[in-house]
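> I need the structure of the sequence given here:
(chains A and B)
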2 protein chains.
Amino acid sequence: MATLPAPCSRHHHRLARPAGSHARASTFQVSSTRGREAAVARLPRLAHREVMLALARVAEVRLGSRLLPSEVPADVAEFGDAAGGALGSVDVRRGAPRSSIDFMLETWFHRAIPSGGAIDITSLIVFLNGATDAPHFLMELIQGGPSSLVVLLDLFPRRDLPLHPDYIDKYYSATGVDTHRVNIERVPQVRPYVSPSLLVRSLWSPTAVVVDIQCGEGGEAALEEIVRGQLASSAMAVLDVWLEQCAGSVVEIEEADRLSLVARDKMISTTSVKLNLSANLPKMFEAEVCSRVVDEINKAFLGS
Amino acid sequence: MATLPAPCSRHHHRLARPAGSHARASTFQVSSTRGREAAVARLPRLAHREVMLALARVAEVRLGSRLLPSEVPADVAEFGDAAGGALGSVDVRRGAPRSSIDFMLETWFHRAIPSGGAIDITSLIVFLNGATDAPHFLMELIQGGPSSLVVLLDLFPRRDLPLHPDYIDKYYSATGVDTHRVNIERVPQVRPYVSPSLLVRSLWSPTAVVVDIQCGEGGEAALEEIVRGQLASSAMAVLDVWLEQCAGSVVEIEEADRLSLVARDKMISTTSVKLNLSANLPKMFEAEVCSRVVDEINKAFLGS
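As a prediction, the model looks like this:
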């Protein structure tokens, strides 16, 4: 694993671009892609991050003008702790007016562990709005060591599925998305991952990839091969299904139905933020950094 | 495995008790327990059936007068095919007025396979009615050979869980029911079971036991030990949670809410009947037997 980059220029950034300045906002409007590449380049090289970078680039290019420029402050786009062992980057882009996109959220977290090794958490989440009931896209990779990786990859359902077999048919059966789950679960080192939260478990679709890849002592190369091979191709295929069948869809929805759909989305987002990011971040970053980053993520998820 | 009993006395029963006779109904009112024991005794001995018998007895005793006497015709309580290789028994008991019980359904199916071996499917399902939103109880055991068994054991949720974290807390977290899933999944021969139906997958609670126990060639004794040991004790514990915390519960529910709850139940039951029994039975029994049995099960599930 690459050595950790020095965190000094992060402080420079924070000082050079005070929160709320127009200079900052316009810098990020130039190219969120360039911002992401620079931020991620500061984190140690990791196969799972390269796969996620490729996915984020594809999502960004294909969503195109449906995404507004990034508006996160510079100290959320790049942050770290004083000791330099923790580095992160968060980006949020809201959907353009009249698009089906609510927001796209990327998080890139790295923390060196004093006893050696590191924990790395990366996620790409795109939520849709009330213009459609099509599933959201979610991918999260949690790497607790060089040879083990938890993979969460799903098209998050937005309907109570037992009541909507037609929804299952349209977005899950007809899209063939279950094949990708099957292909990943066929890899010998793959085991099911069970979230400790019963609420989180209840969010997944029936085709969700929720697995723990355990390659054992000395299994770094094996994990890297799985990540760059089966995981990369399956994840790209699921993203492709989502971009083709979900991201652009507009569905006739009655107003009352739309309101309950959006209310359900809000419950899901609160759950995701509370049980996931708010629970994990304090283990990785200092309190002041956490609260700043969580505030920004909350803005995206909860629209506040 | 025990030799198959001769099916001749089944025909005797069918002739002696024409459908709809009062004599038949009153015979079954005397004791559904005795009817079950006799019907199951005609099937080859099997550890999984003994475990289910024990569960059915406990459910019946503890539900007591909340269950009405059985009303299934004699040719549903015991049936088979002319060749004698297929034997079955189905019992349905409706809930008493003012109880929370909708119905209790037991199915006991056995079919010898011409090439040797047999398939045995056993289930115990108790659905609740609109007096409560507490989960239904479901256990199904599908044994495709002497050393392999699919186990489905769940408290079927009746709410859209992401919208109801309080429901998860009350019926799943506070009852500690997840421990039993963990204990079963810890058994080395246990693998996840994934239903081919996405709709069926969407019915499970986050604590459902949905597993395939594969003990391999010559693993009969190992399977029997797991069935009589871990499976029996975990299943009894889940049933106990259900009997204590769900079966007797009465919950204040607004009328509109109750209607949508009951409508959701109806979707779940249709799914269970269509995708499960109607799909499996024709592989085990002759068309005439299937349609008679499915009709009776439909009556219970769909209240028609």
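> okay, CA-based contacts and neighbour counts for the rest of this
Noted.
> how about low-confidence regions in chain A?
Low-confidence segments of chain A (pLDDT under 70): A:1-33, A:303-304.
> recalculate using a threshold of 90.
A:1-39, A:71, A:81-84, A:114-117, A:250, A:267-284, A:286-291, A:293-304 (pLDDT under 90).
> need the residues of it near chain B, please.
A:160-163, A:165, A:168, A:172-173, A:192, A:198-199, A:201-203, A:205-207, A:264, A:267-268 (CA under 8 Å from any CA of the partner chain).
> what's the spacing between residue A:257 and chain B?
14 Å (CA to the nearest CA, to the nearest Å).
> and that residue, how many neighbours does it have?
Residue A:257 sits with 12 neighbouring residues when counted by other CA atoms under 10 Å in any protein chain shown.
> pull the distance from the helix or strand harbouring it to the chain's centre.
Using DSSP states H and E, residue A:257 maps to helix A:255-272. Centroid displacement of helix A:255-272 relative to its chain, using CA atoms, centre = their mean, to the nearest Å, is 19 Å.
> would you mind writing the CA trace of that helix as PDB?
Written as PDB, here are the backbone C-alpha positions of helix A:255-272 (Å, rounded to 0.1, in the frame of the first residue of the first chain):
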ATOM      1  CA  GLU A 255     -49.800  13.500  -6.100                       C
ATOM      2  CA  ALA A 256     -50.800  11.600  -2.900                       C
ATOM      3  CA  ASP A 257     -48.700   8.700  -4.100                       C
ATOM      4  CA  ARG A 258     -45.700  11.000  -4.900                       C
ATOM      5  CA  LEU A 259     -45.900  12.500  -1.400                       C
ATOM      6  CA  SER A 260     -45.800   9.100   0.300                       C
ATOM      7  CA  LEU A 261     -42.900   8.100  -2.100                       C
ATOM      8  CA  VAL A 262     -40.900  11.100  -1.100                       C
ATOM      9  CA  ALA A 263     -41.700  10.600   2.600                       C
ATOM     10  CA  ARG A 264     -40.400   7.000   2.300                       C
ATOM     11  CA  ASP A 265     -37.300   8.300   0.600                       C
ATOM     12  CA  LYS A 266     -36.700  10.600   3.500                       C
ATOM     13  CA  MET A 267     -37.000   7.700   6.000                       C
ATOM     14  CA  ILE A 268     -34.500   5.700   4.000                       C
ATOM     15  CA  SER A 269     -32.000   8.600   3.800                       C
ATOM     16  CA  THR A 270     -32.300   9.400   7.500                       C
ATOM     17  CA  THR A 271     -31.600   5.700   8.200                       C
ATOM     18  CA  SER A 272     -28.600   5.700   5.800                       C
END
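> what does it rub up against?
A:129, A:130, A:133, A:158, A:159, A:199, A:200, A:203, A:301, A:302, B:162, B:163 (CA atoms under 8 Å, 6 or more residues apart in numbering or on different chains).
> excluding covalently adjacent residues, which one is nearest to the first one?
Nearest in space to residue A:129, with sequence neighbours left out and distances taken as CA to CA, 6 or more residues apart in numbering or on different chains, is residue A:102 at 4.8 Å.
> is the one you found part of a helix or strand, or is it coil?
Three-state call for residue A:102 (DSSP: H, G, I helix; E, B strand; the rest coil): strand.
> what's near enough to touch it?
A:94, A:95, A:126, A:127, A:128, A:129.
> surely the first one touches residue A:125?
No. Using CA atoms under 8 Å, residue A:94 is not in contact with residue A:125, being 11.8 Å away.
> shared neighbours of the two, anything?
Taking CA under 8 Å, 6+ apart as the contact rule, residue A:94 and residue A:125 both touch residue A:104.
> phi first, then psi, for residue A:79.
Here is the backbone geometry of residue A:79 (degrees, to the nearest 10): phi -150, psi 170.
> how about the contacts made by it?
A:10, A:87, A:88, A:89, A:289.
> so residue A:151 touches residue A:212, yeah?
Yes. If you go by CA under 8 Å, residue A:151 and residue A:212 touch, sitting 6.3 Å apart.
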